[in-house]
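Asks: return a 3D structure for these sequence lines:
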Amino acid sequence: AILIFSDVSEKNECSNVLEKLFSVEFMSSTLVECIEFNPITPTKASKRLMDILTKEKVTQLVRKSEVDLIGEKCHGDLRSAINELQIKATKRKPSSSSSSS
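Replies: Sure thing, here's the model as predicted:
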């Protein structure tokens, strides 16, 4: 099983937070690995999000100002930013289903 834990608060070490949720024995198991990533800057996050919109050919669905706001709000968590972008774009995507006669 794989557990993905995302904590975007500053100065928060993964193991300290997880040890509050799981036993020390569990966390010290050789089967458990904590991988930490450096946060992405808001500018880089916005650029990546715009790249995704371009590649998916849906740039018209989300304004640049909204993309920039998502980049700021994600606090360096690109996965979270992509999820937010997908939600915004999906809400605005025209329905492809049409009624037939």
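Asks: show me the shaky parts of this structure.
Replies: 1, 6-16, 95-101 (pLDDT under 70).
Asks: helices along that one, start to end?
Replies: 14-21, 24-27, 42-55, 64-73, 78-92 (DSSP state H).
Asks: so which bits of the second one are buried?
Replies: What it means is helix 24-27. Residues of helix 24-27 classed as buried by neighbour count (16 or more other CB atoms under 10 Å): none. Every residue, glycine included, has its C-beta placed from N, CA and C.
Asks: list the contacts of that helix.
Replies: With contacts defined as CB atoms under 8 Å, 6 or more residues apart in numbering, helix 24-27 is touched by 15, 18-19, 32, 34.
Asks: number of nearby residues for Lys57?
Replies: 8 (other CB atoms under 10 Å).
Asks: okay, it and Ala89: tell me how far apart.
Replies: 11 Å (CB to CB, to the nearest Å).
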